[in-house]
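> what's the 3D shape of this:
(chains A and B)
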There are 2 protein chains.
Amino acid sequence: MMPVMSTLSFFRQWFEKHQDQIRDDYFHFLRFHSISTEPEFKSEILLCADWVSDYLAKSGFKTKFVETSGHPIVFAEKIVDPAKETLLIYGHYDVQPVDPIELWESDPFTPTERDNRIYARGAVDDKGQIFYAMVAMRALADQDIPLPVNIKFCIEGEEEAGSTGLFLALPENRDLLSADSLLVVDFDGYNETTPAINLGVRGLVSMDVTVTGSKSDLHSGLCGGIAYNPNRALVELLAKLYTKDGSIAVDGFYDGVLEPTAAEKAAYPPQHDEKYYREQFGIEAFGAEKGRTLQEANIFRPTLEINGIGGGYSGPGFKTVIPAKAVAKISCRLVPNQDPARVGNQIKAFLEKHCVKGMKVDVNLHSGAFAFRANPTSKLALAVSTAAAEVCGKACKNVLSGASIPVIAALSSELKLETVGMGYGLPTDQIHAPNEHFDFRRFELGFLTVATAIGKL
Amino acid sequence: MMPVMSTLSFFRQWFEKHQDQIRDDYFHFLRFHSISTEPEFKSEILLCADWVSDYLAKSGFKTKFVETSGHPIVFAEKIVDPAKETLLIYGHYDVQPVDPIELWESDPFTPTERDNRIYARGAVDDKGQIFYAMVAMRALADQDIPLPVNIKFCIEGEEEAGSTGLFLALPENRDLLSADSLLVVDFDGYNETTPAINLGVRGLVSMDVTVTGSKSDLHSGLCGGIAYNPNRALVELLAKLYTKDGSIAVDGFYDGVLEPTAAEKAAYPPQHDEKYYREQFGIEAFGAEKGRTLQEANIFRPTLEINGIGGGYSGPGFKTVIPAKAVAKISCRLVPNQDPARVGNQIKAFLEKHCVKGMKVDVNLHSGAFAFRANPTSKLALAVSTAAAEVCGKACKNVLSGASIPVIAALSSELKLETVGMGYGLPTDQIHAPNEHFDFRRFELGFLTVATAIGKL
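The predicted model follows:
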């Protein structure tokens, strides 16, 4: 092996030399309409999976499709020595829907470069990020650089649809996916100039709530004053979920939730202040529990969010109706020691107990995910962190995320893997939104970090 | 004039003899797609208005269109003697939209008769009801029966769109519409066998409420715990509108609202009990203020209903979003002495005051209407009531309605008219809903009531 600095220089030169081809391939990948939640794109998703598989095969990987209940998982492996440790790299080739399409400045599936930024759905999440890891494999293979570990890829096609297929396929594919460590390439950097590794995400539980008051919609004059309006029942019920201090009023909700220690608070200091959220997102009302910092509220405390409400008519014009029913979608972000099924059932019981008498309440719980915490001193964590620091010329930060990647906790605990998240996304990249874009210079940082981290394992 | 009983028998025979033609004309009227709120039907609405005008012209009426800001009003008059009193008959030729179209068992604009019932949009509301009044004019003209009063018709094309055109056209058409009494043919009977006249409706004020928390939708993980969710702010805010006793918490809301007197309560006894609402509509949760009967809550007390709520994603699947904003539509039914503008502004002030700090609240008030009360002993009230009793063989009930017909209060007070509402609809006729239908025998009762009531003026 070459010394570290020259390895980095070498990869920089390689990227420079091949960048037109890399950009062409990246754009090719971005052109597939691989929206996992929309059934009409099923055949295009298969073409996309084929392309991903081919790309890795051309870098010397043995590839196969793992069929699932939904879209296939692209599996690839390069076993250099069965006695060596194995690194599993996770990403996804599916993308979010594009609505509202009218807000895109260029077509979401026609990648367009403006000011070094590539605009397209999936430019970052996660085609851009997993692709720079794939390009790193190409560079390593291209130069016959010996791998210190075996490498496997698990690139699924349903992350934006809840990873159902992967969850179900996991038990029967334990051997195939078995490894020592897991690198999840689907995260943000710390900021424009500072890299980060992710050492934890929150868990998730979600549910649909339906409150039904009558067999059909009622006239708000003829039945007004008589029927209890389901919209009223729903808003009264949902309002009860919060205490005056902004904590969650559900019995047992905080059972097992640990206070962050002084060491944890010090290890993960506040990244942004109110001013940042005000300027970045226009947020003026903050929702943290009384006495909690924003950072604590975002990573050490669970949340209960009402993601959707709907009842009666809320479009243009007016309809003086008392709707037959009203609905809500609720999800909680969970912290370690919270069991998604237990929390889901506690909320269900609370809603059933506190709704006005006579109103029918249905709560439909969805499958959830546990929170996840990684070991900050694992070999993988140190390798990626060191590589990122060298690549960026700045110390790499350890971060916890308030978001959830449900499949991480499952992969990590089922397969007993030392896990690290990495990535060069930023909150301003518009992932999941119109005009998603990735700075091609950050794409290169990702490539360099993966390529050089491998050498440190 | 013939004695009363033989007048009634005469009209019965006339109807029997002409019923095929009546049904043909009725079906013709129902075939027009006169949906006032949908711009693509503008030309068909004009054809419908032409047809109505022609029908009245053929019965000896002088007709004209009153152009408005929207669809034209069909005006018609038969002045037998300027010294005599004048009766103005009000109805509307426009209809509600037909969605959800898939729930119709036969096409809404292809009238279909099953078990004596005519199924079509507008079969009752209001084509069916105003048409039997038009047929009564035909019968009177057909037999050269001398009219004891002058008769005018005002048949508008925007009742289902808020009567905006008529409201705006009223001041400059005072002379044209001037009369002594007003018969509004757009109401329900008391039940299947008992007729009713309507002596009052509630007023109305409505508004759109928007609560905005950020510039764009946020990720519920990355911003969860940090941003105050507009859905939460909205449900907490709307829940505050109601006291524990079910009354409205808005300061000043009940100012001027009078307690019903013992005489009023006796005059308008409860029409239905909880069992009726349970069986008819599946209602199990009742919304009356504590200590109020359903009847009181429906006709003597104002309401505040949340007609629509919407925020974030509430369709199939799930989207873990903190929406940028959440919306609600609110309307109040008002009782005498409540000014819609005053009440609207009180609610607006309440919402602005009680929303969580930092959240932006916009309240957009719409034009409202005052409640209306008629004199139960006016000549018109007695004439219609007596006629209906003879026609049905059962005493006619006086009723107040919990609903609103905003234009009634305006016509009645602007033109100083003794006003009465009549009709043979029933809550089970599915007006405003799929499969609207009118029993052709009740159509005949309507015809007979109008035809014989004229003779009593």
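> Tell me the predicted confidence for A:Thr37.
For A:Thr37, the pLDDT comes out at 88.
> ugh, wrong one, I meant A:Met1
pLDDT at A:Met1 comes out at 48.
> cool, and A:Leu103?
At A:Leu103, the predicted lDDT confidence score is 90.
> Pop out the phi and psi values for it.
Note on A:Leu103: backbone dihedrals following degrees, to the nearest 10 are phi -90, psi -10.
> For the nearest residue to A:Leu46 once chain neighbours are set aside, give me its contacts.
Once flanking residues are discounted, A:Leu46 sits nearest to A:Pro72: 7.2 Å by Cβ to Cβ, 6 or more residues apart in numbering or on different chains. The way it works is simple: take the backbone N, C-alpha and C, and place the C-beta from them, glycine included. Going by Cβ atoms under 8 Å, 6 or more residues apart in numbering or on different chains, A:Pro72 touches A:Leu46, A:Ala49, A:Phe65, A:Val66, A:Gly157, A:Gly165.
> And whichever helix or strand A:Ala263 is part of, how far out from the chain middle?
Here A:Ala263 sits within helix A:262-267, counting by DSSP states H and E. Relative to its chain's centre, helix A:262-267 lies at 25 Å (Cα atoms, centre = their mean, to the nearest Å).
> what sits up against it?
Contacts of helix A:262-267 (Cβ under 8 Å, 6+ apart): A:Glu296, A:Phe300, A:Pro376, A:Asn398.
> just stretch A:107-124 next, same as before
Against stretch A:107-124 from outside (Cβ under 8 Å, 6+ apart): A:23, A:26-27, A:29-35, A:95-96, A:98, A:101, A:105-106, A:128, A:425, A:429, A:431, A:434-441, A:443.
> at 7 Å what do you get?
Stretch A:107-124 is contacted from outside by A:27, A:30-31, A:33, A:95-96, A:98, A:106, A:128, A:425, A:429, A:431, A:435-441, using Cβ atoms under 7 Å, 6 or more residues apart in numbering or on different chains.
> And those residues, which of them are buried?
Among the contacts of stretch A:107-124, the ones that count as buried by 16 or more other Cβ atoms under 10 Å in any protein chain shown are A:27, A:30-31, A:33, A:95-96, A:98, A:128, A:425, A:429, A:431, A:435-440.
> on that earlier part again, which ones among the contacts of stretch A:107-124 are found in helices?
Of the positions in the contacts of stretch A:107-124, A:Phe27, A:Leu30, A:Arg31, A:Gly128, A:Phe440, A:Arg441 sit in helices, assigned by DSSP state H.
> contacting residues around the residue nearest the centre of chain A?
For chain A, A:Ile405 is the residue whose C-alpha lies nearest the centre (Cα atoms, centre = their mean; 4.5 Å). A:Ile405 is in contact with A:Val184, A:Asp186, A:Val201, counting by Cβ under 7 Å, 6+ apart.
> helix, strand or coil for A:Ser216?
coil (DSSP: H, G, I helix; E, B strand; the rest coil).
> Is it in contact with A:Ile322, as I believe?
No: using Cβ atoms under 7 Å, A:Ser216 makes no contact with A:Ile322, being 10.1 Å away.
> Looking at these two, which is more packed in?
A:Ile322 (30 against 13; other Cβ atoms under 10 Å in any protein chain shown).
> shaky segments in chain A?
A:1-5 (pLDDT under 70).
> What number of residues are in the vicinity of A:Ser401?
Neighbours of A:Ser401 under the rule other Cβ under 10 Å: 21.
> ok, now which ones touch it?
A:Phe187, A:Asn198, A:Gly200, A:Val201.
> tell me the phi and psi of the third one?
Going back to what we said before, that points to A:Gly200. Dihedral angles (degrees, to the nearest 10) for A:Gly200: phi 180, psi 150.
> Check the gap between it and B:Leu417 for me.
For A:Gly200, the distance to B:Leu417 equals 74 Å [Cβ to Cβ, to the nearest Å].
> Where do the helices of chain A begin and end?
A:4-31, A:42-57, A:127-142, A:164-169, A:174-177, A:230-239, A:262-267, A:274-281, A:294-295, A:340-354, A:379-392, A:406-414, A:440-454.
> just so I know, which of these lies nearest B:Ile89?
Closest to B:Ile89 of the helices of chain A is helix A:230-239 (Cβ to Cβ; 37.3 Å).
> which residues are in contact with that closest one?
Counting by Cβ under 7 Å, 6+ apart, A:211-213, A:306, A:311-312, A:323, A:325-326, A:328, A:351, A:354-356, A:359, B:235-236, B:238-239, B:242, B:285, B:306, B:309 sit against helix A:230-239.
> 8 Å instead, please
By Cβ under 8 Å, 6+ apart, helix A:230-239 touches A:209, A:211-214, A:306, A:309, A:311-312, A:322-328, A:351, A:354-356, A:359, A:361, B:231-232, B:234-236, B:238-239, B:242, B:285, B:287, B:305-309, B:328.
> Mark which of those residues are buried, thanks.
Applying 16+ other Cβ under 10 Å to these flags A:209, A:211-214, A:306, A:309, A:311-312, A:322-328, A:351, A:355-356, A:359, A:361, B:231-232, B:234-236, B:238-239, B:242, B:285, B:287, B:305-309, B:328 as buried.
> Spatially, which residue comes closest to A:Val399, not counting chain neighbours?
That would be A:Ala196: by Cβ to Cβ, 6+ apart, it lies 4.7 Å from A:Val399.
> Give me the neighbour count for the one you found.
24.
> What separation do you get for it and A:Ala395?
For A:Ala196, the distance to A:Ala395 - Cβ to Cβ - is 10 Å.
> Check A:Ala328 too.
Using Cβ to Cβ, one obtains 44 Å as the distance from A:Ala328 to A:Ala395.
> Okay, buried residues for the helix holding A:Ala263 please.
Result for helix A:262-267 [16+ other Cβ under 10 Å]: no buried residues.
> Mind exporting the C-alpha coordinates of that helix to PDB?
Extracted in PDB, the C-alpha atoms of helix A:262-267 (Å, rounded to 0.1, in the frame of the first residue of the first chain):
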ATOM      1  CA  ALA A 262     -23.300  15.000  30.700                       C
ATOM      2  CA  ALA A 263     -20.800  13.100  28.600                       C
ATOM      3  CA  GLU A 264     -23.400  12.500  25.900                       C
ATOM      4  CA  LYS A 265     -24.500  16.100  25.900                       C
ATOM      5  CA  ALA A 266     -20.800  17.100  25.600                       C
ATOM      6  CA  ALA A 267     -20.200  14.600  22.800                       C
END
